[in-house]
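>>> I'd like to go over a predicted model; first the sequence, then the structure.
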Amino acid sequence: MSDHLKRLNAPDSWHIARKTSKFITKTAPGPHNANAMPIAVWLRDHMGFARNLKEVKQILGQNDVVINGRACRDPKMGIGIFDIIALPKIGKYFRILRDKNGRHVSIEIDAEAAKTRLCKVRNKTIITGGKVQLNMRDGANLLADNSYKAGDSIVLSLEPEDRFKIVEHFPFAVGNMAMIIGGKHSGNVARIVDIIKMSGSVPNKIILEDEATRTKFDTITSYIYMVGKQTPAITKWGIEQ
């Protein structure tokens, strides 16, 4: 595996200038998938908080950037959808989302909204002692009871005294609200009206209805991210901005 990444080969979701320089910071192994954006790219290319990698390292070296409740010092650390990035010294807080083109966007939120984080349950396993372990979409794991299922979303506290405490649960079920994070409907928030189970290795089809236009569309399970029950928790979690 190469330690280098050319700008021309960077994922489209990063939405960066392609011809300003030849190379760009490559994401280190860690949270999310291959499309995870390095915090160095976010600070320099997206937000303009740094002019070059040297300044990025100076900012991170002073523990000025907190990702999901923990200070980040690695410029290659990957960030992805629904991550919370806090810059406490300047009072700035952001949530990472996807726009309609599948690109990472930074939504500014207030300090209260930055105290929690939305996570998707990818699957769950039984570990030693018969305990249930939830495996999150971004690679995180935590112990919980058996009431949570794959596809559900949970809201975790980022407060130091309650870190990883589950404060809310949005089941993957008909009637609940979901955000689409991939495909041509990326960025939409709609209500699930049907879940069609497909045979074999074909992904399940999810039928949703847009509350505003009353139009229906479909997507696949991996593009679904639950964000509410009867009504979307949009204002509460800062998604609507």
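Ah, there it is.
>>> now do the helices in the protein.
Under the criterion DSSP state H, the chain contains helices at 39-41, 53-61, 234-237.
>>> which one of those helices is the most hemmed in?
Burial of these is given as mean neighbour count (mean count of other Cβ atoms under 10 Å); helix 39-41 ranks first at a mean of 25. Backbone N, C-alpha and C define where each C-beta goes, glycine included.
>>> identify all contacting residues around that helix.
14, 16, 24-25, 50, 53, 56, 60, 65, 67, 72, 74-79, 85 (Cβ atoms under 8 Å, 6 or more residues apart in numbering).
>>> which among the residues you listed end up buried?
14, 16, 24-25, 50, 56, 60, 65, 67, 72, 75-79, 85 (16 or more other Cβ atoms under 10 Å).
>>> who touches residue 93 in this structure?
Contacts of residue 93 (Cβ under 8 Å, 6+ apart): 84, 85, 86, 87, 108, 109, 110, 111, 113, 114.
>>> so the fifth one touches residue 90, yeah?
No. Contact criterion Cβ atoms under 8 Å: residue 108 and residue 90 do not qualify, at 11.7 Å.
>>> neighbour count for those two, which is higher?
When neighbours are counted by other Cβ atoms under 10 Å, residue 108 comes out ahead of the other of residue 108 and residue 90, with 12 against 9.
>>> spatially, what comes nearest to the more buried one if we skip its sequence neighbours?
residue 94 (5.6 Å; Cβ to Cβ, 6 or more residues apart in numbering).
>>> domain parsing of the protein, as residue ranges.
5-111, 115-170, 177-232 (automatic domain parsing).
>>> pLDDT weak spots in the chain?
Within the chain, the ranges that satisfy pLDDT under 70 run 1, 34, 234-241.
>>> which strand runs longest in it?
Longest strand of the chain, by residue count under DSSP state E: strand 116-126.
>>> and that one, what other elements does it pack with?
strand 132-136, strand 153-157, strand 224-228 (3 or more Cβ pairs under 8 Å, 6 or more residues apart in numbering; DSSP states H and E).
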